[in-house]
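Student: Sequence plus the predicted model coming up.
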Amino acid sequence: MQDKNVVEVNYHQTGKSTNTDELGMREMQARVYQHRNSQYLLVKAPPASGKSRALMFVALDKLANQGIKKVIVAVPERSIGRSFKDTELVKYGFYEDWKVDSQYDLTLPGGAAGKVQKLVDFLNSNDGRILICTHATLRFAYEKVADDKTFDNVLVAIDEFHHVSSEDSSVLGTALKNIMHNSSAHIMAMTGSYFRGDSAPILSPEDEQLFDKVTYTYYEQLDGYQYLKSFGIDYKFYQGNYLDALDEALDTTKKTIIHIPSVNSSESTKDKYNEVDSIIDAIGEIVDQDDKTRIYTIKSKQTGELLKVADLVNEDGREKVQDYLRDGLNGPDDLDIIIALNMAKEGFDWPWAEQALTIGYRHSLTEIVQIIGRVTRDSSNKDHSQFTNMIEQPDVKDGDVEYAVNQILKAITASLLMEQVLAPEIHLKRKRHPHEKSGNGADIFIKGLKEPSSDRVKSIIENDLPDLKAAILQDPVVKNGIATNVDAEVMNKELIPKVVMTRYPDLSNDEIEQVSQYAVADTVLRHAKVDTAVDQKGNTNEFLKMADKFINVDDLDINLIESINPFQRAYNVMSQNIDSNTLRIIERSIDAKKYDFTEEELIQLFKNSKLFVEKYNKLPNKDSNNEEEVRMAYALAKLADMKARRNNQNG
């Protein structure tokens, strides 16, 4: 297994994102507070940026100055409710502390039915100002409320907003829509990951446009830390059982969260308890297990040091482990490794964590962001954070080739998206005059770049590019194009515009072209490597390496940018990380799905292929200009894939 990171981003340790102003607000919180008068506010900010406290500032202002009578804060699960516990704000400069009456903290232990009724009573009475509950409690309470106007003059704050969906089957999504349209309620939505490319959109496009948006980027957060100065993403590919390859991926010198695969995935052995035992064996030898906390003390195989290890997979004693993780962690020496299945992702705070080792690709970009968020918190014990993903490599002799190929494509494309999320923000602008120079802040001027022709296009470019790029990278046809290193013109003029058209069906053809240009240019330029050179006059010029070309940043032209496949780097990453035989397997698996052949067509094309080989002494080429030769090439790929699957089933 290789140790070279697919993504490596360095930061400047400015301390800016963790410093506070005269009101006790961090940079992100102050940015949100500027929009405190918005009726509908959407905050996109990474984990650990202080979203919960940002809500407190806004909610208290709405209660004091904007006619709001009650505040409901909904979190996805009870454990996250502690993020909104009583908090001192006055001593840091704000005018009021955040206080929650314990009877209205519905994330504390208690029966679900009673909590639902408590929320209904809270809405219908004059008692209480602030209530904390789960998404589920809010959902069930909404179904019991007779009239949406019950939410008049109420602030509904939804934490981890990506759990909501605009689908008709989403009760919370429907409730949110109805509350917005049928009451005077204020809505504040917060998320550390708002990638609508994952599945269904969170809001309909019409409703989303009603929200004022505050975006605080991952780069701003990490660049402004005091201690953390770099972050890396690495993919390690294995064949067979992941437990046999774990030794090469595990580094017990790092504070690590290990997420084992879902029991429903192909990576799982289907015995999660045995997997935990095997992981513990890979770590070292058990010395002790504390009866009170259920935390293991293990002697490391690698270093001989004693490590404290938490098992969140086994149900027996898990509550004691959770209590320890919640109340017993006061410094880096209190824990070394966590083994988890579905826990220790969202809303979990272990600031000393240095590495997330995740087995099996996670099917949601949102989940990847949340896992990465566990290790990208600033702490004096680390200057580097790492996300390492162990991915099953396709093997024609063993396993589901198509599934494994899909996992690899998702992993590589996700890493590209994360690289862009973690990099500095750039602003693309049309170059109107030759003297306009790039490098003024984050502004990059591009000759020939189309101007947004409508407010709709401008809004998409300013607010939605990360989500659009997520949708592009999740598109199956685009992923296949990445894997086969499709021609730049096909990618930029056909595949990407199709995704834009599907995502924004209300756009005209000209608007689709404008959005596509910005998406392509943004992707290409964010992956470009920057270099500088000094000319004979002593002037410093900045160059970008795009694909194999060095371009002066002041000579950027949209035609040049569109001549580059924005995902060339993904193909290069794949080529570097897996062997040539596996690349052939990936290509064959993709090729096998490009044409739907009947059995009779396959037989005839196979016969034609034999005659072709006899005549030309070569196999049919899928890149040929002859359509029949192309069909023969894809038919052979389909037959090879069918043969491999049959051998796998028989073996």
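Tutor: Looks like it arrived, so ask away. Residues are numbered from 1 along each chain as shown.
Student: so Ile132 sits in a strand?
Tutor: Yes: when DSSP: H, G, I helix; E, B strand; the rest coil is applied, Ile132 is found to be in a strand.
Student: pLDDT value on it, please?
Tutor: As predicted, Ile132 sits at a pLDDT of 96.
Student: biggest helix in the protein, by residue count?
Tutor: With secondary structure taken from DSSP state H, the chain has its longest helix at helix 627-650.
Student: Any buried residues in that helix, and which?
Tutor: Buried residues in helix 627-650, defined by neighbour count with 16 or more other CB atoms under 10 Å: 629-641, 644. Bear in mind the C-beta positions are built from the backbone N, C-alpha and C, glycine included.
Student: out of the residues you listed, which one sits closest to Leu243?
Tutor: Proximity to Leu243 was ranked across these by CB to CB; first place goes to Ala644, at 25.3 Å.
Student: picking up where we left off before, turn the buried residues of helix 627-650 into TSV, columns for pLDDT.
Tutor: Supplementary listing: those in TSV, determined by pLDDT from 0 to 100:
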residue	pLDDT
Glu629	85
Val630	82
Arg631	82
Met632	88
Ala633	87
Tyr634	85
Ala635	87
Leu636	89
Ala637	84
Lys638	84
Leu639	88
Ala640	83
Asp641	78
Ala644	73
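Student: any idea which of the residues you listed is closest to Glu96?
Tutor: Sorting these by how near they are to Glu96, with CB to CB, puts Asp641 at the top with 65.3 Å.
Student: Could you verify my assumption that the closest one touches Ser589?
Tutor: Yes: if you go by CB atoms under 8 Å, Asp641 and Ser589 touch, sitting 6.2 Å apart.
Student: Give me the residues contacting stretch 36-45.
Tutor: Judged by CB atoms under 8 Å, 6 or more residues apart in numbering, the contacts made with stretch 36-45 from elsewhere in the structure are 28, 32, 35, 51, 54, 57-58, 61-62, 66, 161, 180, 186-192, 194, 208, 210-216, 221.
Student: Kindly recompute the last result at 6 Å.
Tutor: Counting by CB atoms under 6 Å, 6 or more residues apart in numbering, the neighbours of stretch 36-45 from elsewhere in the structure are 28, 32, 35, 51, 58, 61, 186-191, 194, 210-216.
Student: for it, the distance to its chain's centre please.
Tutor: Computed by CA atoms, centre = their mean, to the nearest Å, the separation of stretch 36-45 from the middle of its chain amounts to 21 Å.
Student: Give me the buried stretch members for that stretch, please.
Tutor: Buried residues in stretch 36-45, counting neighbours by 16+ other CB under 10 Å, are found at 36, 38-45.
Student: do the same with stretch 148-156
Tutor: Of all the residues in stretch 148-156, those buried under the rule 16+ other CB under 10 Å are 148, 150-151, 154-156.
Student: re earlier: closest to Tyr403 out of the buried residues of stretch 36-45?
Tutor: Within the set of the buried residues of stretch 36-45, Lys44 lies nearest Tyr403; the separation is 32.0 Å, counting by CB to CB.
Student: any idea how far the closest one is from Thr134?
Tutor: Applying CB to CB, to the nearest Å, the value for Lys44 to Thr134 is 22 Å.
Student: repeat for Leu329
Tutor: From Leu329 over to Thr134 the distance is 24 Å, taken as CB to CB.
Student: Which one of those two is surrounded by more residues?
Tutor: For Leu329 against Thr134, the residue with the higher neighbour count under other CB atoms under 10 Å is Thr134, and the figures read 21 against 16.
Student: Now list the buried members of the contacts of stretch 36-45.
Tutor: Among these, the ones that count as buried by 16+ other CB under 10 Å are 28, 32, 51, 58, 61, 186-191, 194, 211, 213-216.
Student: looking at the protein, which helix or strand does the model trust least?
Tutor: Counting by mean pLDDT, DSSP states H and E, the weakest-scoring helix or strand in the chain turns out to be strand 529-534, with a mean of 67.
Student: list the buried ones in stretch 154-170?
Tutor: The neighbour-count criterion (16+ other CB under 10 Å) identifies 154-166, 170 as the buried residues of stretch 154-170.
Student: quick revisit: can you pick out the most distant pair from the buried residues of stretch 36-45?
Tutor: Using CB to CB, the two most remote members of these are Gln39 and Ala45, lying 19.8 Å apart.
Student: got the buried residues of stretch 154-170 as a markdown table, with pLDDT columns?
Tutor: Listed next are the buried residues of stretch 154-170 as a markdown table, based on pLDDT from 0 to 100:
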| residue | pLDDT |
| --- | --- |
| Val154 | 97 |
| Leu155 | 98 |
| Val156 | 97 |
| Ala157 | 95 |
| Ile158 | 93 |
| Asp159 | 91 |
| Glu160 | 84 |
| Phe161 | 83 |
| His162 | 75 |
| His163 | 72 |
| Val164 | 72 |
| Ser165 | 61 |
| Ser166 | 52 |
| Ser170 | 71 |
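Student: Can you pull the domain assignment for this structure?
Tutor: 17-216, 224-392, 427-573, 592-650 (automatic domain parsing).
Student: right, and these - which one's nearest Leu417?
Tutor: Nearest to Leu417 among these is domain 427-573; the distance by CB to CB comes to 5.3 Å.
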